[in-house]
Structure formats: C-alpha cells, structure tokens
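Peer 1: build me a model from this:
(2 chains)
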There are 2 protein chains.
Amino acid sequence: MTISEDNNDGLNERHRARMQRKKAVVDAKIAAATDVRGVLLVNTGNGKGKSSSGFGMVIRAMGHDMQVGVVQFIKGAALPNGATGEERFLRRFPEQCRFHVMGEGYTWETQDRTRDIEKAQAAWACARELLSDPSIGLVLLDELNIALKYHYLDVQTVLADLRARPAAQHVVITGRGAPPELIDAADTVTDMTLVKHAFSQGIQAQPGVEL
Amino acid sequence: MTISEDNNDGLNERHRARMQRKKAVVDAKIAAATDVRGVLLVNTGNGKGKSSSGFGMVIRAMGHDMQVGVVQFIKGAALPNGATGEERFLRRFPEQCRFHVMGEGYTWETQDRTRDIEKAQAAWACARELLSDPSIGLVLLDELNIALKYHYLDVQTVLADLRARPAAQHVVITGRGAPPELIDAADTVTDMTLVKHAFSQGIQAQPGVEL
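Peer 2: Numbering: from 1, shown residues only, chains lettered A, B, ... in the order given. Below you'll find the model as predicted:
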C-alpha cells in the first residue's frame, strides 16, 4: 500500500465514523417528528426564490396527485409579454390546479391605494374558498405578504381563516415583509436573504428566470 | 366630507406620491438592466426552499416552452415511498424535461465516501452533457453544493464547465454550503435563512411539502 492510499483509507474511515454519528442525530430527530398535519409555510425576505419555491411545492404536491390552488395577490396582467411562465404552465392542468391571478401589478405600478385594497379583498375572498375546501391539499398565496404589509388586508382576519382551514391542508405564503403575527403563526419560515442579484449587475429580468 | 373620509383621502394621496417616487426608482433600474444572457443562480443556506425554488424555475421555463434538464446529485432512490413529488410530476414530460436522479441519498445515509465520489462524478458527467447542449434553456443542478462541500467534485472543473456553457443557458445550483468560488462566479445568490422549521417542532416531513 502506498502512503497516498493509506491516507485515503484513513480519510474514508474518518468520513464513515463522522457520517455514522450524523446519521444517529438525524435518525433521532426523524423519530421525534411524529406529528402529521397541514403545515403553514412563509417565504419572506429581499432575495430571489420566494414565489419560485412556492411553485416548486405546488408541483411537488401535484406529483403526489394532490389538488392544489394558487392565488396571486399582487402580480397581475401588467406583464409586457403576457402571462408568467408559471401561469402558462399550470393552466395546462385545470383539473388539478386552480389558478387565480387577482392582482394588477406591484403597488408602485398601480399607484392607487383604493383600487389595490379592492383587489386584495377580492383575492382574499378567492383564497378563503380554497382554504375552506378539504379537497385542496396545498394552497399557494403568492405575494400575500405585500397586501398585509400595506394593510390592504386585516392580518387577524387572515390568521383566523388560516386557522379554520382543513387540518391536512398545507399553505405557502410568499412576499417581502411578512408581518410578525404571521411569522408567529407559521410552522416553517424562511428568509430568502439577498446575497446578490443579477438585476443589480445590469442583467434584465428574463423568461424562465424572473418571468 | 367627514373627518374619516378626509383622512383617507390624505392617506391615499400620500400613498400615490410615495408610489410615484418608488416607480421612478424601479423604472430607472429596469432601464439600466439591458444585458440579456444566461444567468447562474445559487440557492444555499440552512432554511427550506432551495430545491423547491429551483423546481419552480424549471416550470417557469417550461411555461415559456423551453427545454429543461435536472440532475439530482445527492437525493436518490433512498426515499421510503419511492420518488419525490417533483420527480413523479416532471417525469410526465419526457419531451420537455430530462430528469436524472444520480444520487443515493444523503452522505450520512450512504456513509461510503468512495462510492459517494463515484456517484458525484457520474452525476457531473450527466450535468456536463446538459451544459453543452444549446437546446436546453435551463439546467437545475440539485444539491450540487453538497458534493462540492465534501470535495466529491473539483470546484475548478465545475466552474470551467459552467463558463463554457451556451451563452443563453440559465443554471440553478442548490444545496447547503455553496463554496465561495461558486458564489463569486454566480449572478444571483440567495441564502435561504432558517427562521424556523416544522420538523424542529415535531412535524414529520410530508408529501407535497418536503417529499
């Protein structure tokens, strides 16, 4: 055996020992996690990936033959080139995915608070229907946090409707600036923290990436 | 006009003025972002949403009729209930999505460094094929960061292959512990920061959420 092989054997053996200890820790955590119920997830923060993570969970659920529902609160028909990629794609499955685009664009595009509030409330009525339907396994409320941040919707009403949903139903809520009351109520919260963004380096928002 | 209506009018007017200023800032940024090319995105950090965001971008691209490719580096056939939801779903579209599951489970499950290295290198060979095919608009390299973190792959080789890809191709790389060289090379980087996770509160990993 050469010295190099000997070193490699030692490395492999230490790797195995470390991974055995790690597996024991992970297995103990898995054994302790016995609760099965619908979870409430919140994706917030200034970085990329909040909505796209929600859409990833939508297709994950669809892969398990669950019915899903999507309500988009802010994003709307304002896109220069028509619908987003996720909307175009998911509208191919009307029997499995109910897709509702209820916004008219970001708040700085509409510049009309009264109209924004009307749209947010209509979107919430739509969300409430999904949240009261036990046949829907997962609901994505995209950019809801923006509507809460601007007080277009009452956070206590939203929380009450979330609490009253079917026990097995999962809900994903996205958008910057999630209010503390929602973070308290959620089971899983991720802050999508901006490290850097192509846009700041002069690269356009592009189909398949942002649109 | 009542005092309350008067207050509301003032609020609406201030909102409009603030949003006009915000729109000017956003529009200037959009006007400055004129570069159109394939972007390299990295999702790292300890929180939830790294892979699911990648899969959201996969369907976003598919909605724009792009061809896509997925290579899963670590996750593999180790799932107790078979394939993940995202795999089950995306395998429905073999004409638009090439889906390669090349891992055998997390490092603490396999506990075999030599075998992990072989699998990672086979997965990279598969990734390199996608990265040299200009008909593929977006490539998701799921959990590649784990393979880099454990030095199963050489980061300089990976970076050279990424640089050599077709100019319009987008690449999304996920996994904890992205190496600094990859973060430097990326256009967009998000740290999915853990705020809280259902698993730590005793809730099982569930189909449609984690699986």
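Peer 1: chain A: helices as residue ranges?
Peer 2: Counting by DSSP state H, chain A has helices at residues A:3-32, A:50-63, A:85-90, A:107-110, A:113-131, A:144-149, A:155-163, A:180-185.
Peer 1: show me chain A divided up by domain.
Peer 2: The record assigns chain A these domain ranges, following automatic domain parsing: A:1-34, A:37-201.
Peer 1: dump those to CSV, plus mean pLDDT and distance to B:Phe99.
Peer 2: Any C-beta I mention is one placed from the backbone N, CA and C, and that applies to glycine too. Output for the domains of chain A, formatted as CSV (pLDDT from 0 to 100; distance: least, C-beta to C-beta, whole Å):
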stretch, mean pLDDT, distance to B:Phe99
domain A:1-34, 77, 26
domain A:37-201, 93, 11
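Peer 1: in JSON lines, list those domains along with mean neighbour count and distance to chain B.
Peer 2: Putting the domains of chain A into JSON lines (neighbours: other C-beta atoms under 10 Å in any protein chain shown; distance: least, C-beta to the nearest C-beta, whole Å) gives the following:
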{"stretch": "domain A:1-34", "mean neighbour count": "12", "distance to chain B": "4"}
{"stretch": "domain A:37-201", "mean neighbour count": "20", "distance to chain B": "3"}
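Peer 1: including distance to B:Gly177, could those go into a markdown table?
Peer 2: Shown next, in a markdown table, are the domains of chain A (distance: least, C-beta to C-beta, whole Å):
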| stretch | distance to B:Gly177 |
| --- | --- |
| domain A:1-34 | 14 |
| domain A:37-201 | 14 |
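Peer 1: nearest to B:Arg115 among the ones you listed would be which one?
Peer 2: Nearest to B:Arg115, of all the domains of chain A, is domain A:1-34, at 9.9 Å by C-beta to C-beta.
Peer 1: chain center to that closest one, what's the gap?
Peer 2: Remark: domain A:1-34 is offset 34 Å from the chain centroid, using C-alpha atoms, centre = their mean, to the nearest Å.
Peer 1: so which residue is smack in the middle of chain A?
Peer 2: Nearest to the mean C-alpha position of chain A, counting by C-alpha atoms, centre = their mean, stands A:Gly54 at 2.9 Å.
Peer 1: quickly note the distance from it to B:Gly49.
Peer 2: As for A:Gly54, its distance to B:Gly49 is 9 Å (criterion: C-beta to C-beta, to the nearest Å).
Peer 1: which neighbours do these two have in common?
Peer 2: Counting by C-beta atoms under 8 Å, 6 or more residues apart in numbering or on different chains, the contacts common to A:Gly54 and B:Gly49 are A:Asn43.
Peer 1: wait, what's in contact with A:Leu148?
Peer 2: A:Val155, A:Val158, A:Gly175, A:Gly177, A:Ala178, A:Pro179, A:Leu182.
Peer 1: wait, which of the domains of chain A is closest to B:Arg14?
Peer 2: Across these, B:Arg14 has its closest neighbour in domain A:37-201 (9.0 Å, C-beta to C-beta).
Peer 1: nearest to B:Ala61, of the helices of chain A?
Peer 2: Nearest to B:Ala61, of all these, is helix A:85-90, at 6.2 Å by C-beta to C-beta.
Peer 1: wait, the residue nearest to the centre of chain A touches A:Thr174, no?
Peer 2: Yes. Counting by C-beta atoms under 8 Å, A:Gly54 does reach A:Thr174; the two are 5.0 Å apart.
Peer 1: anything in contact with each of those two?
Peer 2: Jointly contacting A:Gly54 and A:Thr174 under the rule C-beta under 8 Å, 6+ apart are A:Asn43, A:Leu140, A:Asp142.
Peer 1: nearest residue to A:Phe55 in space, please, no chain neighbours.
Peer 2: Using C-beta to C-beta, 6 or more residues apart in numbering or on different chains and skipping the chain neighbours, the partner closest in space to A:Phe55 is B:Gly56 (3.5 Å).
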